[in-house]
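Participant: quick one: sequence and predicted model below, then my questions.
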Number of protein chains: 2
Amino acid sequence: MSLTVVGSIAFDSVKTPFGERERMLGGSAVHFSLAASFFTEVRVVGPVGSDFGEEQFAVLSDREIVTDDIERVEGGETFFWRGHYDFDLNTAHTDETRLNVFGDFQPKLSSGSREAGMLFLANIQPDLQREVRAQCDGARFSALDSMNLWIDTARDSLLAAIGDVDCVIINDAEIRQLTGEPNLARAARAVMELGPRAVVAKQGEYGAALFTAAGYFALPGFPLEDVRDPTGAGDSFAGGFLGYLDGHEGGLDDAALRRAMGYGTVLASYNVEEFGTERVTRLSREEIDSRFEALRAMTQFDALPA
Amino acid sequence: MSLTVVGSIAFDSVKTPFGERERMLGGSAVHFSLAASFFTEVRVVGPVGSDFGEEQFAVLSDREIVTDDIERVEGGETFFWRGHYDFDLNTAHTDETRLNVFGDFQPKLSSGSREAGMLFLANIQPDLQREVRAQCDGARFSALDSMNLWIDTARDSLLAAIGDVDCVIINDAEIRQLTGEPNLARAARAVMELGPRAVVAKQGEYGAALFTAAGYFALPGFPLEDVRDPTGAGDSFAGGFLGYLDGHEGGLDDAALRRAMGYGTVLASYNVEEFGTERVTRLSREEIDSRFEALRAMTQFDALPA
């Protein structure tokens, strides 16, 4: 089993009320890969510059992530993002974005990445998502993320990209914006009518909701007393979600999708406890399963006496 | 078993993107009472004016709510609220508030209301909440709601009122504001340190979370494709929650509190499907239990194979 992710690889400088860090390893493909690596073989596709060195590659290869398709552009610089959060940790404030080598990114997939059984198209330009999806046309399950920028500037491309995948994993506000439908249940149904069999609405600290033909499922965020840096939470969620689906024995029915929601929630919760990749890089599968069971205990209630 | 509620009885004029109504029966005590009436005997305490007539009393007595302690002020006018909602149904915009007889309200409880086993102090001035609580000092379980106005203008009184009850049921933003703690888990713990054994954080369409000494529980809002008027959702939640606790056979352990969260969620969901009290007044216990089971099905997921 194998899972390919295409997205950004970045250096992030982040300040929150709880501290700050300069030029941490980040980017959607990185957070996704690390989270998914606890469940299955992950292959990461994305561009980096000359400033991306052994130290950064080691973070990925230590988790046995396949880095063959990381394209190193000599003389180029890696995507850079600087941002901050105030006490409302649901809202990221961007202070600086330098696309650098990411601005000219043309995904080139090796045969190994093309033949993966699952595919995640992280938040990149929707035409690139479609190209990659076409190269991986044998994937048994594919999902994409997106953002308000593409809804505003490349809406038709994004609608076409959505039509090509099995699952959409985006923020609830973006589902509303994309469909022009303020009611989330109706908005999710409108997205499914474009093609996907599942829609995951990420809701920040409130958790996430899953819409499928069979019905509705929702999980709260895992309650944490210490949230230090929410950067990468959504990609960690997607990594736990798709990683579990690819790695587990069994099909992709709604019961599996629900458990995948649980793993997504758990990986996102670990991600935000510390800055950047600090917490996830020293995480264990035992800790993950322990929090999965804790989450289950927090959401179950008894049926009424018959 | 019997449950006393003290709060506002009102006429509401409401406009939403889905319609508008003039001078509907409303107010926190009304929405609470109707929701709780499906589970136990409810006694409602609150003031009305001469404009409150047989038609309004009948809405309550049809649900066998005890109205003996509704104080009718001859020549006075009933509390009036006019507001509207835009497509973001989480935010009420107040256009007009006339306190009328509610402005001079001094709760007078008959012996029947004082001797109720449970007490809900809806959102009124916290000194009045404390007076009523003192009159009902035999209640086995008591809860209160509040709002940002009292946090701003009567904070010390509110903290004392919270110290007198077993449970606080307020919006998550208000828990944060009250405690000055942006993290919800920490904020809820700070409220419990004032005295209550349980804190319910209402989160609008995202559902509600329960904090107790034993741990954490959360439920999503029931997903609805048609939400027409959110007025009274929070009071309907509280009515389902406390009504179930008072009416059910068994104790007030965490398992019961979790089921009560389910009933609160269900009553709130029915409340918002139509304007004012329209939906709840023609609801049945069978419909309630059916949606309770549907909610349970939407939130359960399997443990991992051993």
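Facilitator: Nice, I can see it.
Participant: sec struct for the residue sitting nearest the centre point of chain A, please.
Facilitator: Chain A has residue A:235 as the residue nearest its centroid, 2.4 Å off, counting by CA atoms, centre = their mean. On the three-state scheme (DSSP: H, G, I helix; E, B strand; the rest coil), residue A:235 is labelled helix.
Participant: was I right about it contacting residue A:122?
Facilitator: Yes. Contact criterion CB atoms under 8 Å: residue A:235 and residue A:122 qualify, at 6.4 Å. All C-beta spots, glycine's among them, are computed from the backbone N, C-alpha and C.
Participant: who touches both of the two?
Facilitator: Jointly contacting residue A:235 and residue A:122 under the rule CB atoms under 8 Å, 6 or more residues apart in numbering or on different chains are A:7, A:28-29, A:32, A:145.
Participant: can you pull out the low-pLDDT segments for chain A?
Facilitator: The model of chain A has pLDDT under 70 over residues A:305-306.
Participant: for it, what spans make up the strands?
Facilitator: A:2-6, A:10-16, A:19-26, A:41-49, A:70-73, A:79-84, A:93-98, A:118-121, A:141-144, A:167-171, A:198-202, A:208-212, A:215-219 (DSSP state E).
Participant: what's near enough to touch the residue lying closest to residue A:112 once chain neighbours are set aside?
Facilitator: In space, and not counting its chain neighbours, residue A:112 is closest to residue A:43: 6.3 Å by CB to CB, 6 or more residues apart in numbering or on different chains. Contact partners of residue A:43, counting by CB under 8 Å, 6+ apart, are A:2-5, A:65-66, A:68-69, A:112-113, A:116.
Participant: check residue A:102 too.
Facilitator: Taking CB under 8 Å, 6+ apart, we find residue A:102 in contact with A:8, A:10, A:46-47, A:78-79.
Participant: how near is residue A:301 to chain B?
Facilitator: 4 Å (CB to the nearest CB, to the nearest Å).
Participant: pull the number of nearby residues for the nearest residue to that residue once chain neighbours are set aside.
Facilitator: Residue nearest to residue A:301 in three dimensions, not counting chain neighbours: residue B:258, with 4.0 Å by CB to CB, 6+ apart. By the criterion of other CB atoms under 10 Å in any protein chain shown, residue B:258 has 19 neighbours.
Participant: residue B:258 is in contact with residue B:215, isn't it?
Facilitator: No. Using CB under 8 Å, residue B:258 is not in contact with residue B:215; the gap is 10.3 Å.
Participant: what about the closest residue to the residue nearest to the centre of chain A other than its chain neighbours, how many neighbours?
Facilitator: Spatial nearest neighbour of residue A:235, excluding adjacent residues (CB to CB, 6+ apart): residue A:31 at 3.8 Å. By the measure other CB under 10 Å, the count of residues near residue A:31 is 32.
Participant: which residues touch residue A:31?
Facilitator: A:231-232, A:235-236, A:239, A:271, A:277, A:280.
Participant: same question for residue A:109.
Facilitator: Contacts of residue A:109 (CB under 8 Å, 6+ apart): A:4, A:6, A:45, A:69, A:132, A:135-136.
Participant: around chain B, which positions in the stretch 151-300 of chain A sit nearby?
Facilitator: On the criterion CB under 8 Å from any CB of the partner chain, chain B has as its neighbours in the stretch 151-300 of chain A the residues A:182-186, A:189, A:203, A:205-207, A:209, A:215-220, A:223-227, A:255, A:258-259, A:261-262, A:289, A:292-293, A:296-300.
Participant: if we can go back for a sec, what's the spacing between the residue nearest to residue A:301 and residue B:291?
Facilitator: Using CB to CB, to the nearest Å, residue B:258 is found at 16 Å from residue B:291.
Participant: and for residue A:120?
Facilitator: Residue A:120 is 35 Å from residue B:291, where distance means CB to CB.
Participant: ok, the two, which is more surrounded?
Facilitator: Legend: neighbour count by other CB under 10 Å for residue A:120 and residue B:291, higher for residue A:120 (34 against 19).
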